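>>> Here's my sequence, what's the structure:
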Amino acid sequence: MRTRWIAPALVGVAAALAVGPPVGAETGGAVREVAMPGKAYVPHELDVLLGDTVVWKNQDMGSHTVTAGDD
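Next comes the predicted model:
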């Protein structure tokens, strides 16, 4: 099932963010928002650049997971 690798992916993203950007990298990117109404994400896909911040807004009572891809 596709959801089995979501938690490890989130841990990897969190670890990468905790380390911080590479030396000399610019920071202060855009703030990108993802809404979670019902069982969907809006937008469905999101390109995040180095320095961007993603704000997740859960708009229902259910829990959600996030998946990152390499493309």
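
>>> contacts, neighbours, all on C-alpha from now
Noted.

>>> Residue 38 and residue 60 touch, don't they?
Yes: using C-alpha atoms under 8 Å, residue 38 is in contact with residue 60, at 6.0 Å.

>>> Just the strands from the chain, written as ranges.
Under the criterion DSSP state E, the chain contains strands at 31-36, 53-58.

>>> surely residue 54 meets residue 43?
No: counting by C-alpha under 8 Å, residue 54 stays clear of residue 43, with 11.8 Å between them.

>>> Give the intersection of the neighbour lists for these two.
Listed as contacting both residue 54 and residue 43 by C-alpha atoms under 8 Å, 6 or more residues apart in numbering are residue 34.

>>> So the two - more neighbours on which side?
Using other C-alpha atoms under 10 Å as the criterion, residue 54 and residue 43 rank with residue 54 on top: 13 against 10.

>>> So for the more buried one, what's the nearest residue that isn't a sequence neighbour?
For residue 54, ignoring the flanking residues on the chain, the nearest one in space by C-alpha to C-alpha, 6 or more residues apart in numbering is residue 32 at 4.8 Å.

>>> Now residue 42: closest residue in space, sequence neighbours ignored.
The shortest distance from residue 42 to any non-neighbouring residue, by C-alpha to C-alpha, 6+ apart, is to residue 35 (5.1 Å).

>>> Looking at strand pairing, list the partners for the one you found.
Residue 35 has the following beta-bridge partners by DSSP bridges: residue 42, residue 57.

>>> so what's it up against?
Residue 35 sits in contact with 41-43, 56-59, where contact means C-alpha under 8 Å, 6+ apart.

>>> What is the nearest of those residues to residue 50?
Closest approach between the contacts of residue 35 and residue 50, by C-alpha to C-alpha: residue 56, at 17.4 Å.

>>> And the pLDDT at that closest one?
The pLDDT attached to residue 56 in the predicted structure is 91.
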